[in-house]
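In: From the sequence below, what's the structure:
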Amino acid sequence: MRRYRKIRTVGVKRVVFGFTLVEVMLSLALCVVIMGLLAAASQMYLMNIQVERDELTRSRAARAVLQVMAFDLRAAVQFKPVDESALDESIAAVEEAMAALGGGETQTAPEPEEQQVVEQPGLAGGPNSISFDISRLPRRDQFAPVVDGKTGRVVSIPSEILNIQYMVGTVQEDNPSSNRNQAESGPRIGLLRMEFDRAAKRFADQGGGPVSGFEMMAEEVKGLAFRYFDGAQWSQQWDSNEMRTLPVAIEIILQVDPRTAEVMQQQARTGDIDAAFAMQEYRTVVHLPVAESLAAMQAREELKNYVE
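Out: Numbers count the residues shown, from 1 in each chain. Model prediction:
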């Protein structure tokens with residue numbers, strides 16, 4: 001809408017209605033300032049939304065990782081030998097009765113050959129890594145045996161006893177892309193998980209061949225810590241072969257890097273990749289249903305000795 005200047009003559013003087021150049025310049029400068037403030041406010045609002053979105057993504061990823069680890073730990077198994085003392089006493093009593101009735105010498109049974117002692121299923125963990133055996137039925141698609149095409153023999157059949165390990169480490173992966181703009185292949189650090197057949201692992205440990213390596217589970221996780229509860233106190237290490245039982249509960253602490261990929265790339269370009277920042281921690285406590293506390297074990301053994 002155009003604005004016309006109206007000139008009205010009053011006597012000798014002329015009165016001009018309209019805006020001067022100074023007023024127009026001031027109004028334009030004020031509009032520029034207001035638009036700049038609105039743009040800055042909008043940018044700050046969008047940055048806050050992105051930060052909250054990244055925080056929500058990290059928390060969901062950490063929660064999912066903790067749920068998987070808790071699901072695995074609840075399936076942990078511990079070998080417990082069968083108490084055959086009562087059966088041995090019954091056999092000895094029957095042999096004595098038969099010897100008394102027969103009146104002759106009884107033939108002593110040959111001593112069984114010494115069997116090789118193997119490592120029993122259980123849990124062994126430290127402050128930053130853990131290894132345990134679980135009992136889990138294979139999926140339906142895993143029941144199909146692997147058959148060698150040349151000989152026709154069965155190579156492997158899935159087992160329900162698996163060994164699982166968790167730790168934070170590095171893996172070397174090759175970049176399949178040929179784009180020169182992308183980063184070259186190199187080690188990546190994060191939460192590693194390994195799952196394999198326990199018999200295959202024992203065979204590999206005895207020199208039978210390599211097993212599959214660790215798989216990257218969460219690259220955002222840069223720290224991992226465990227604590228083990230025996231029913232009375234917490235400890236940093238646990239060995240079920242020595243303790244003769246699983247821990248009652250296990251505390252898991254994940255340390256997640258809050259930096260995004262863009263921030264890490266910017267720090268790498270500026271050479272400030274080791275800048276100080278605070279890790280975000282996520283914690284959970286997993287209860288093992290098949291575990292027995294040390295106090296309960298001692299009480300049961302004392303009661304057994306008292307009865308005997």
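
In: Okay, strands next: where are they in the stretch 1-150 of the chain?
Out: In the stretch 1-150 of the chain, strands defined by DSSP state E, counting those that start in this stretch lie at 6-10, 13-17, 123-125, 130-135, 146-147, listed in chain order.

In: List the contacts of the third one.
Out: The contact list for strand 123-125, computed with C-beta atoms under 8 Å, 6 or more residues apart in numbering, reads 76, 78, 130-133, 226, 228, 237-241, 246-247, 250. (Glycine included, C-beta is placed from N, CA and C.)

In: and it, which strands flank it?
Out: The sheet places strand 123-125 alongside strand 130-135 (antiparallel), strand 238-239 (antiparallel), with pairing taken from DSSP bridges.

In: Report the mean confidence score over the last one.
Out: In other words, strand 238-239. Strand 238-239 shows a mean pLDDT of 90 in the predicted model.

In: Would you indicate which residues of the helix or strand that it is followed by are buried?
Out: The first helix or strand that comes after strand 238-239 along the chain, using DSSP states H and E, is helix 240-243. Taking 16 or more other C-beta atoms under 10 Å as the neighbour-count basis, helix 240-243 is seen to contain the buried residues Ser240, Met243.

In: Only C-alpha atoms, please: export helix 240-243 in CSV.
Out: The C-alpha coordinates for helix 240-243 follow below in CSV (Å, rounded to 0.1, in the frame of the first residue of the first chain):
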residue,chain,number,x,y,z
SER,A,240,31.5,-70.2,40.9
ASN,A,241,33.9,-73.2,41.0
GLU,A,242,35.5,-71.8,44.2
MET,A,243,32.3,-70.4,45.7
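
In: and it, what does it pack onto?
Out: Counting contacts by 3 or more C-beta pairs under 8 Å, 6 or more residues apart in numbering; DSSP states H and E, the secondary-structure elements packed against helix 240-243 are strand 123-125.

In: Okay, and the beta partners of Ile252?
Out: On DSSP bridges, the residues paired with Ile252 through beta bridges are Phe226, Thr284.

In: correct me, but it touches Leu66?
Out: Yes - Ile252 lies in contact with Leu66 (C-beta atoms under 8 Å); the separation is 6.2 Å.

In: Which one's more surrounded, the two?
Out: The neighbour comparison of Ile252 against Leu66 (other C-beta atoms under 10 Å) goes to Ile252, with 20 against 17.

In: got the angle between the lengthiest helix in the chain and strand 130-135?
Out: Of all the elements of type helix in the chain, the one with the most residues (DSSP state H) is helix 21-74. What separates the directions of helix 21-74 and strand 130-135 is an angle of 60 degrees, with axes from the mean of the first three to the mean of the last three C-alpha atoms, to 10 degrees.

In: In terms of secondary structure, what does helix 21-74 contact?
Out: Under the contact definition 3+ C-beta pairs under 8 Å, 6+ apart, helix 21-74 sits against strand 130-135, strand 215-218, strand 249-256, strand 280-287.

In: can I get these in TSV with mean pLDDT and distance to Met44?
Out: As requested, the helices and strands packed on helix 21-74 are exported to TSV (pLDDT from 0 to 100; distance: least, C-beta to C-beta, whole Å):
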stretch	mean pLDDT	distance to Met44
strand 130-135	89	43
strand 215-218	85	30
strand 249-256	92	25
strand 280-287	91	22
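
In: I'd like the ones you listed as a markdown table, with distance to Leu56 appended.
Out: Shown next, in a markdown table, are the helices and strands packed on helix 21-74 (distance: least, C-beta to C-beta, whole Å):
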| stretch | distance to Leu56 |
| --- | --- |
| strand 130-135 | 28 |
| strand 215-218 | 16 |
| strand 249-256 | 13 |
| strand 280-287 | 12 |
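
In: Minimum distance to Ala29: which of these has it?
Out: Among the helices and strands packed on helix 21-74, strand 280-287 comes nearest to Ala29, with 44.4 Å by C-beta to C-beta.

In: Give me the neighbour count for Asn163.
Out: For Asn163, the number of neighbouring residues by other C-beta under 10 Å comes to 19.

In: could you give the angle of the stretch of helix or strand it belongs to to helix 21-74?
Out: Here Asn163 sits within strand 161-173, counting by DSSP H and E. Between strand 161-173 and helix 21-74, the angle comes out at 140 degrees (the same axes, to 10 degrees).
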